[in-house]
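K.L.:
okay, structure incoming, though there's no sequence with it:
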């Protein structure tokens with residue numbers, strides 16, 4: 001099996017590389033790994049005439065790609081795109097666990113309407 005390199009971000013697409021990238025991605029201080037993804041439901045797409053309107057299709061795809069980019073993911077392969085991330089932006093594993101707990105608690109409060 002040959003290794004594949006993403007044409008967009010240049011990352012080597014292997015399971016080991018993916019895990020290593022996510023290990024760093026999950027510890028980035030700005031919290032981009034906790035941003036909620038933009039999701040369209042089937043009914044959203046049907047209402048917008050997604051399947052028959054080329055312009056609507058392009059705008060939906062562009063919005064999803066932009067959302068992936070904002071979350072620090074490559075819109076082509078989905079791997080974390082760590083270009084521009086510096087060492088001082090990466091938390092220790094302990095600090096990252098504490099932040100994840102805080103973000104999870106905040107997300108639960110938002111879902112509960114608090």
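P.N.:
All right, it came through fine. Note that the coordinates shown come from a computational prediction; the quantities given were computed from them, not determined experimentally. Residues are numbered from 1 along each chain as shown.

K.L.:
C-alpha from now on. contacts and neighbour counts both.
P.N.:
OK.

K.L.:
could you point out which element follows the lowest-mean-pLDDT helix or strand in the chain?
P.N.:
When each helix and strand of the chain is scored by mean pLDDT, DSSP states H and E, helix 42-47 comes last, with a mean of 83. Scanning forward in sequence from helix 42-47 by DSSP states H and E, the next helix or strand is helix 54-70.

K.L.:
flag every buried residue along the next helix or strand after that next one.
P.N.:
Once the chain leaves helix 54-70, the next helix or strand it forms, by DSSP H and E, is helix 93-112. Within helix 93-112, the residues that count as buried by 16 or more other CA atoms under 10 Å are 96, 99, 100.

K.L.:
stretch 63-76 now?
P.N.:
The neighbour-count check on stretch 63-76 (16+ other CA under 10 Å) flags 64, 65, 66, 67, 68, 69, 71, 72, 73, 74, 75 as buried.

K.L.:
show me which of these is closest to residue 106.
P.N.:
Within the buried residues of stretch 63-76, proximity to residue 106 (CA to CA) peaks at residue 71, which comes in at 18.0 Å.

K.L.:
that closest one reaches residue 32, doesn't it?
P.N.:
Yes. Applying CA atoms under 8 Å, one finds residue 71 in contact with residue 32, separated by 5.0 Å.
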